[in-house]
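K.L.:
Quick one, structure for this:
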Amino acid sequence: MAARVLITMPPTARRGEVIEIRTLTAHVMEPGRRVDANGRTVPRDILRRFTCRLDGEIVFAAELHAAVAANPYLVFSLVATRGTLTFEWEGDNGFAQTETRTLNVA
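P.N.:
Numbering: from 1, shown residues only. Predicted coordinates:
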């Protein structure tokens, strides 16, 4: 099942300019420690890894843990060069999602 993902970045940038990229992922981030109304432990279901690549080269990566809040919001910067950004999320229970955006550099 795909998660709702919001990616915010400038529509264009100048070559060499430092730009900010923001991602927000709709995900419950269940840590596996909570007990439901029937006394059963709710199974863990978290995003474990986020990676951003520019034309295949990793430009940002993060390991996420159970202490991360629901709907993880990640912000990072990179130097603008023309190419395709690939955003990858990996999680428990086989969760995997990939989104791509073109970075337009003037």
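
K.L.:
residue contacts, the residue nearest the centre of the chain?
P.N.:
Centroid-nearest residue in the chain, with C-alpha atoms, centre = their mean: F50, separated by 4.8 Å. Counting by C-beta atoms under 8 Å, 6 or more residues apart in numbering, F50 makes contact with 23, 60-62, 64, 72, 74, 87-90. C-beta coordinates here come from the backbone N, C-alpha and C atoms, glycine included.

K.L.:
Tell me which residues of the strand or helix carrying it come out buried.
P.N.:
Assigned by DSSP states H and E, F50 belongs to strand 47-54. Of all the residues in strand 47-54, those buried under the rule 16 or more other C-beta atoms under 10 Å are 47-48, 50, 52-54.

K.L.:
hmm, which two among the residues you listed are most spread apart?
P.N.:
Taking C-beta to C-beta as the measure, these span a maximum distance of 21.9 Å, between R48 and L54.

K.L.:
Mind jotting down where the strands sit in the chain?
P.N.:
Using DSSP state E, the strands found in the chain span residues 5-8, 18-25, 47-54, 57-63, 73-79, 83-91, 96-103.

K.L.:
Throw those strands into TSV and include distance to G39, thanks.
P.N.:
Compiled in TSV, the strands of the chain are given as follows (distance: least, C-beta to C-beta, whole Å):
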stretch	distance to G39
strand 5-8	34
strand 18-25	30
strand 47-54	27
strand 57-63	31
strand 73-79	33
strand 83-91	26
strand 96-103	32
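
K.L.:
In JSON lines, list those along with mean pLDDT.
P.N.:
Listed next are the strands of the chain as JSON lines, based on pLDDT from 0 to 100:
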{"stretch": "strand 5-8", "mean pLDDT": "97"}
{"stretch": "strand 18-25", "mean pLDDT": "97"}
{"stretch": "strand 47-54", "mean pLDDT": "97"}
{"stretch": "strand 57-63", "mean pLDDT": "97"}
{"stretch": "strand 73-79", "mean pLDDT": "97"}
{"stretch": "strand 83-91", "mean pLDDT": "96"}
{"stretch": "strand 96-103", "mean pLDDT": "96"}
